[in-house]
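> Pasted the sequence and its predicted model underneath.
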Amino acid sequence: MRRIPPSAVEPGHVDFDVLSRLAELITRSAGGQDHLRDTVPILIRRAIDEVIDTPRTGRLSLDEIEKTEKTYIGTKIEILIRDFLGFPKGRLDLEIDGQDVDIKYTSTGSWMIPAEAINQPCILLLSDEATRLCFLGIFVAHDDYLNPGANRDGKKGISVAGLENVMWLLRDLHYPANFWADVAQEDAEYINDMKNTGGTERLRRLFRRVQEIPVSRSVIEGVARQRDYMKRLRKNGGARDPLLKEGIAILSGKYNRDAIAELGLPECSPEQFVSISINSDERREILNRTGYFDYG
């Protein structure tokens with residue numbers, strides 16, 4: 001990933017007033033700085049995972065997608081950011097308080113600015129799968145901030161010196177990892193092996209091999225690869241009952257929050273699940289007291 005220099009945008013900078021106003025409007029529309037900080041990393045992960053598209057393709061990482069598909073990530077991020085902030089689409093990607101604003105994404109730190117966005121404000125987004133860091137900044141794409149040469153599409157890259165003129169709203173912020181990046185390749189292949197396995201069996205393998213790590217519904221869908229994928233997880237025919245017989249509990253972030261907290265497991269959102277071995281009387285007592293065995 002390209003090195004991102006410190007911002008030189010401060011009072012007295014030629015773009016300070018317009019960028020400060022945009023920063024205020026963006027942050028307010030996001031529901032505050034904390035909500036912006038919490039939500040943007042999740043949207044980036046979602047955009048990338050939707051392009052990987054495990055449920056339909058069986059792919060597990062960004063390395064497996066076609067080169068031409070990488071452009072789709074920027075389009076998805078643009079749509080998700082516009083929806084999150086609630087600004088309408090204008091002549092460019094957004095219209096903020098009557099000002100046209102473009103949204104540009106890169107995974108390398110080399111943003112390309114189209115001719116129609118030159119001299120216009122831009123929202124710049126960057127994510128890097130290797131470091132799991134993301135950035136969000138705002139920038140006025142003055143021509144003298146850009147490299148002199150354009151590519152065959154007429155786009156110009158932001159120069160090294162030009163990057164100093166970005167006002168960063170989020171910088172060096174960790175975003176969620178690709179779930180499979182932290183799973184051993186042998187386990188990932190075993191879990192996702194489609195030969196002679198059904199969705200329920202693959203989910204049993206998932207929660208047996210990957211314990212004490214939150215698993216999202218999208219991962220469950222990708223492993224099950226069936227329309228009624230959540231049915232494959234529940235009681236009465238799903239993965240839960242046979243795993244419980246093996247001494248493994250699957251906890252829901254929606255229904256088993258108390259048990260998850262008492263067991264010291266990572267916090268789970270309502271859309272996540274986590275498995276744990278019931279290998280002590282203490283764990284069994286916590287599950288019993290918090291109503292786990294009554295949860296369907």
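Alright, I've got the coordinates.
> quick one: the residue nearest the centre of the chain from residue 289, how far?
The centre of the chain sits closest to residue 45, judged by CA atoms, centre = their mean, with a distance of 1.5 Å. Between residue 45 and residue 289 the distance, using CB to CB, to the nearest Å, works out to 34 Å. Every C-beta, even on glycine, is put in place using the N, C-alpha and C of the backbone.
> now residue 81
In terms of CB to CB, residue 81 sits 43 Å off from residue 289.
> Quickly find the element holding the residue nearest to residue 176 when sequence neighbours are not counted.
With CB to CB, 6 or more residues apart in numbering as the criterion, residue 176 has its nearest non-adjacent residue at 4.3 Å, and that residue is residue 45. Assigned by DSSP states H and E, residue 45 belongs to helix 33-52.
> For stretch 214-228, measure first residue to last.
21 Å (CA to CA, to the nearest Å).
> tell me the average confidence for that stretch?
Stretch 214-228 carries an average pLDDT of 86.
> just stretch 61-79 next, same as before
Averaged across stretch 61-79, the pLDDT comes to 90.
> I'd like to know which elements the helix or strand bottoming out on mean pLDDT in the chain is packed against.
Every helix and strand in the chain was compared by mean pLDDT, DSSP states H and E; the lowest is helix 54-57, with a mean of 79. For helix 54-57, the packing partners by 3 or more CB pairs under 8 Å, 6 or more residues apart in numbering; DSSP states H and E come out as helix 217-224.
> tally of neighbours for residue 208?
Residue 208 has 18 neighbours, counted by other CB atoms under 10 Å.
> Give me the secondary structure label for it.
helix (DSSP: H, G, I helix; E, B strand; the rest coil).
> Isn't it up against residue 244?
No: contact status for residue 208 versus residue 244: not in contact, 11.6 Å apart, counting by CB atoms under 8 Å.
> Report the set of residues contacting both of these two.
With contacts taken as CB atoms under 8 Å, 6 or more residues apart in numbering, residue 208 and residue 244 have no neighbour in common.
> Which stretches in the stretch 101-250 of the chain count as helices?
185-191, 199-209, 217-224, 240-245 (DSSP state H, counting those that start in this stretch).
> Just put these in TSV and tack on distance to residue 175.
Listed next are those as TSV, based on distance: least, CB to CB, whole Å:
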stretch	distance to residue 175
helix 185-191	21
helix 199-209	23
helix 217-224	15
helix 240-245	30
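> Considering those helices, which stretch scores lowest in mean pLDDT?
helix 217-224 - the lowest mean pLDDT of the helices of the stretch 101-250 of the chain, at a mean of 87.
> Give the buried residues for that helix.
Buried residues in helix 217-224, counted by 16 or more other CB atoms under 10 Å: 218-224.
> Tell me the one of these nearest residue 34?
residue 218 (24.5 Å; CB to CB).
> Nearest residue to that closest one in space, ignoring adjacent ones along the chain?
Nearest to residue 218 is residue 49, by CB to CB, 6+ apart, at 6.1 Å.
> Setting aside sequence neighbours, what's the nearest residue to residue 123?
residue 103 (4.8 Å).
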